[in-house]
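> Okay, here's the prediction I keep looking at, along with the sequence it came from:
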Amino acid sequence: MLGECIPYWQIPGASRLVTDFLYSFDRVARFYGYDPWDKEALFRRLERLQYPSDRRARLVEVLRVQNPGCEAVERLAEPSAVAVVTGQQVGLLTGPAYTFYKALTAVRVAEELSAMGAPAVPIFWMATEDHDYKEVAECWVFDGEGRPVRIEAGWSEGAGWRPVGEVILPEWPVGVLEEAWSGAPHGRQALEMVRRAYRPGRRWAAAFAELLGNVVGPGRLLFFDPLGREAREFLAPALARAAEQAPALVAAVRERTAELERCGYEAQVRVGAETSLFFIIADGRRVRAGLSGGALEWDGVRLEGSVLAENARNLSAGALLRPVVQDWAFPSAVNVVGPAEIAYLGQAGALYEVLDVEVPVRRPRASCTLIEKGAAEMLERYGLVLGDLFGSEQALQEAVGARLRPAAVVEALGISAAGVTAGLDRIGRALEQWRGPVRRAFEKSRGKILYQMGKIERAVAREALRRDPRAMRDLRWLSDQLYPRRRLQERVYSIMAFLARHGGGLTAALRDRIAWDCPGHQTVVI
């Protein structure tokens, strides 16, 4: 079935905390605050939202610098305006497609709020402070035959130890991309967008913001770079206040983690007693700060008092603390998040309480597998749905092979299986009053006989598939398109791969075709 909404518990690797958040919110309400699907909860958040006017003025100044000429900044300057916030690492070619879905969801939610009478602006927090360059420096697209193609930017000076947002783009193999998209209907336009944004010699963050902004739609999304000088000055008070309470923060998150585990959930982030939730950015490096004697410490210096005040602008929040700083920085009504973030926000909620920062509504991002016409026809031909690709390769082959068996073989297997089952049932009825070794021997043998019958059917299905080279090719192509590298499509391919085939109108088409009320993973025919 196409256009389906697949429950998250059917997605490989989904955690129970995430599925309860999406489908049984009452079980986890104390960890999150607001039900993501309850409109009344959204109204309650809007009523409670208090954001200081002086902080708004400083935020607007930062955003004007980072988003020159963007009219949305001026909308946020209005006292009643709220923010819909999301964010992600600054991946090559905007990274996997789920980054685009986050941004598109934020735009959509901001429009919903504005229509409700709460003027809202979508803001994308770029995780420029991360230093895992290898993770952001590669992406995947597919070529004209639908085969995955890996693009790697290559090494750049400072990569691996400098925050990725400050890394300068090297000369990267754009020729590989050009070859992959050479036959794509809109490959030339997509390539030109990429070339303009990802110019060698440019800051990584700037390239990311330009390309994602153009794909979502110019002026629709504001970008926030926490590495910018003006941004670091703006965030310094929140980070200093958090640093002063570092021991209390660690204790709170450890207590929350233990509570989650008592409820049977698995913690997303491990926090030890001496774990610091902070990094320091100094000399172009981002290094973890220590926690010693009740205070942050770095390079043998205790960060407290005047020393902390002088270094606050160089503090950087770790994964658990970052959302709290983010929701201090913005008038956050809604935070658009993915599954991994839902999981660790259950822990991070304790930090909001310590720092007296209000929690926004957490809205899951759209989660999509895009299915082109050819793939849709192929799924229908073989009687498959997307979920069939999530199982083992052997199970998929047997499912397709079963549809390819000659009619005479299907008939013979069916008649034989029915006859064997009927015969075993007759024996079972005759032995109904029997107990002991004979009955146990029969039940054991019955299971073995039925297993062997099933084994014959599976072997026949595999052979039928082997005799049909076209079907084998089709299955490989489907897997490459819809479940590449045994992962969800949105976690592998860049959205640019689809723009190369469908052009700039794809964004508008997706806005119309995505089922925004789907609480799971959906298939979208394009």
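Structure received.

> CA only for contacts and neighbour counts going forward, please
OK.

> What segments of the stretch 201-350 of the chain are helices?
Along the stretch 201-350 of the chain, the stretches classed as helices by DSSP state H, counting those that start in this stretch are 204-216, 229-244, 246-262, 305-311, 322-329, 339-355.

> now the stretch 401-526 of the chain
Taking DSSP H, counting those that start in this stretch as the test, the helices found in the stretch 401-526 of the chain are 407-430, 437-466, 469-482, 495-502, 506-513.

> which secondary structure elements does the fourth one contact?
For helix 495-502, the contact count by 3 or more Cα pairs under 8 Å, 6 or more residues apart in numbering; DSSP states H and E identifies strand 138-142, helix 187-197 as packing neighbours.

> switch the cut-off to 10 Å
Of the remaining helices and strands, those touching helix 495-502 by 3 or more Cα pairs under 10 Å, 6 or more residues apart in numbering; DSSP states H and E are helix 97-115, strand 138-142, helix 174-180, helix 187-197, helix 204-216, helix 506-513.

> What of the second one?
With contacts defined as 3+ Cα pairs under 10 Å, 6+ apart, helix 437-466 has these neighbours: helix 393-404, helix 407-430, helix 469-482.

> quick check: mean pLDDT across it?
Summarised as a single mean, pLDDT over helix 437-466 is 89.

> same deal with stretch 400-416?
For stretch 400-416, the mean pLDDT works out to 85.

> Stretch 359-368 too?
98.

> end-to-end on that stretch?
For stretch 359-368, the first-to-last residue distance is 27 Å (Cα to Cα, to the nearest Å).

> how distant is it from the center of its chain?
How far stretch 359-368 lies from its chain's middle: 10 Å, per Cα atoms, centre = their mean, to the nearest Å.

> repeat for stretch 297-307
The answer for stretch 297-307 is 36 Å, by Cα atoms, centre = their mean.

> And it, what's buried?
For stretch 297-307, the buried set under the neighbour-count rule, 16 or more other Cα atoms under 10 Å, comprises 297-298, 302-304.

> could you dump it to CSV, C-alpha only?
The C-alpha coordinates for stretch 297-307 follow below in CSV (Å, rounded to 0.1, in the frame of the first residue of the first chain):
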residue,chain,number,x,y,z
GLU,A,297,37.7,23.1,35.1
TRP,A,298,39.7,23.5,32.0
ASP,A,299,43.5,23.4,31.5
GLY,A,300,44.0,23.4,35.2
VAL,A,301,41.9,26.5,35.7
ARG,A,302,38.7,26.5,37.7
LEU,A,303,35.9,28.3,35.9
GLU,A,304,34.2,30.3,38.6
GLY,A,305,33.7,33.9,39.6
SER,A,306,35.4,36.4,37.4
VAL,A,307,37.3,33.7,35.5
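
> any idea which of the helices of the stretch 201-350 of the chain scores lowest on pLDDT?
helix 305-311 (a mean of 91).

> Out of the helices of the stretch 201-350 of the chain, the one nearest residue 56 is which?
Evaluated over the helices of the stretch 201-350 of the chain, closeness to residue 56 peaks at helix 322-329, with 8.5 Å, by Cα to Cα.

> circling back to that earlier point, can the helices and strands packed on helix 495-502 go into TSV with extra columns for mean neighbour count and distance to residue 86?
Formatted as TSV, the helices and strands packed on helix 495-502 follow (neighbours: other Cα atoms under 10 Å; distance: least, Cα to Cα, whole Å):
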stretch	mean neighbour count	distance to residue 86
helix 97-115	22	7
strand 138-142	21	21
helix 174-180	16	28
helix 187-197	18	21
helix 204-216	21	13
helix 506-513	15	17
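
> who wins for proximity to residue 283 among those?
When the helices and strands packed on helix 495-502 are compared (using Cα to Cα), the closest one is helix 204-216, at 18.4 Å.

> still on that earlier bit, right, so of the helices of the stretch 201-350 of the chain, which gets closest to residue 426?
Taking Cα to Cα as the criterion, residue 426 comes closest to helix 246-262 out of those, the separation being 50.0 Å.

> Could you list every helix and strand that that closest one packs against?
Using 3+ Cα pairs under 10 Å, 6+ apart as the contact definition, the elements that helix 246-262 packs against are helix 29-32, helix 229-244, strand 290-292, strand 295-298, helix 339-355.

> between these, which gets nearest to residue 88?
Residue 88 lies closest, by Cα to Cα, to one member of the helices and strands packed on helix 246-262: helix 339-355, at 10.3 Å.
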